[in-house]
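>>> Please find the sequence and the predicted model below.
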Amino acid sequence: MGVSSILKRYLPLSGSTIALWAWRNRDDVSDWPAFGVRSAQSLVSGNTDDVATEARLRIALHGDRRTRRAPGLEVLVRDHVAVLKGIVDPEVRDVAVKLAERTEGVEKVDDRMDEVRRRLDPPRD
């Protein structure tokens, strides 16, 4: 029995439904596997602290409705430093920094985020 037949049996979703879900969650779909690859490399080298810390931070960010699906937010933990990157809303930036500061294992937060600039209406003549 192949993987696809098992999935169809226990998860009866059409290809369109899966594609729509993947599109709506495209940031997570691409971000979590990258974290998995980095984590595997770190675990092989014996660096389990940063992997656990980044996982805790990612879970905290996913648990807050303001940062859960924040487009553009990137997270990385190296040597107990949480690096936050991307172009985000001002509220997302504030919340992400606070969550990172409170995450166990984070000793410093490197805020490399830029804020989205709101477009101003053109002046009227």
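That came through fine.
>>> Report the buried residues of the helix or strand containing residue 83.
Assessed by DSSP states H and E, residue 83 sits inside strand 81-88. By neighbour count on 16 or more other CB atoms under 10 Å, the buried set for strand 81-88 is 82, 83, 84, 86, 88. All C-beta atoms are positioned from the backbone trio N, CA, C, and that covers glycine.
>>> same deal with stretch 32-52?
Buried-residue list, stretch 32-52, by 16+ other CB under 10 Å: 35, 38, 39, 42, 50, 51, 52.
>>> do stretch 55-70 as well
By neighbour count on 16+ other CB under 10 Å, the buried set for stretch 55-70 is 56, 57, 58, 60, 61, 67, 70.
>>> hey, where'd the helices end up in the chain?
3-10, 15-24, 26-44, 48-63, 90-102 (DSSP state H).
>>> Would you convert the buried residues of strand 81-88 into JSON lines that also reports pLDDT and distance to residue 114?
Formatted as JSON lines, those follow (pLDDT from 0 to 100; distance: CB to CB, whole Å):
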{"residue": "82", "pLDDT": "97", "distance to residue 114": "17"}
{"residue": "83", "pLDDT": "97", "distance to residue 114": "14"}
{"residue": "84", "pLDDT": "96", "distance to residue 114": "11"}
{"residue": "86", "pLDDT": "91", "distance to residue 114": "8"}
{"residue": "88", "pLDDT": "92", "distance to residue 114": "8"}
